[in-house]
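>>> pasting the sequence and the predicted coordinates here, then a few questions.
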Amino acid sequence: MKFAAIVEYANEPERLAQFRPAHRAYLQDLLQHGRLVIAGPFADGSGGLFVYEVANESEASKLAANDPFAKASLFRSVVMKPWKLVFASQDNLNLPL
């Protein structure tokens with residue numbers, strides 16, 4: 001089951017930059033293990049969207065809580081919602097490869 005986490009970041013650009021490599025490594029690991037569907041920051045840098053593939057909301061919440069940004073208190077808020085993928089366009093996603 002998929003869960004979307006809509007996250008607002010703390011307004012601490014220096015600390016976000018400091019923890020970003022660990023945050024991205026964590027997400028890369030989740031992606032490689034089939035637990036992350038898609039992720040990325042909002043264009044204004046205020047937060048991000050993470051879609052997890054897990055059995056239930058409790059697991060999704062644990063993944064969000066274990067993110068290095070969360071552990072560094074850089075997640076100001078997290079809204080977790082069950083999510084269904086209905087349409088997707090690989091061409092429009094412009095994924096960095």
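Looks like it came in fine.

>>> what's opposite the closest residue to Pro41 other than its chain neighbours in the beta bridge?
Distances taken as C-beta to C-beta, 6 or more residues apart in numbering place Gly48 nearest to Pro41, at 4.4 Å, with adjacent residues excluded. Yep, even glycine has a C-beta here, placed from its N, CA and C like the rest. Following DSSP bridges, Gly48 is listed with bridge partners Val7, Pro41.

>>> now do Gly48, the pLDDT please.
As predicted, Gly48 sits at a pLDDT of 98.

>>> what's the burial count for it?
Using other C-beta atoms under 10 Å, Gly48 has 19 other residues around it.

>>> pLDDT value on Gln90, please?
Gln90 carries a pLDDT value of 78.

>>> just the buried positions in stretch 29-47, please.
Buried positions in stretch 29-47, judged by neighbour count with 16 or more other C-beta atoms under 10 Å: 30, 36-39, 47.

>>> could you tell me the end-to-end distance of that stretch?
In stretch 29-47, first residue to last residue: 20 Å (C-alpha to C-alpha, to the nearest Å).
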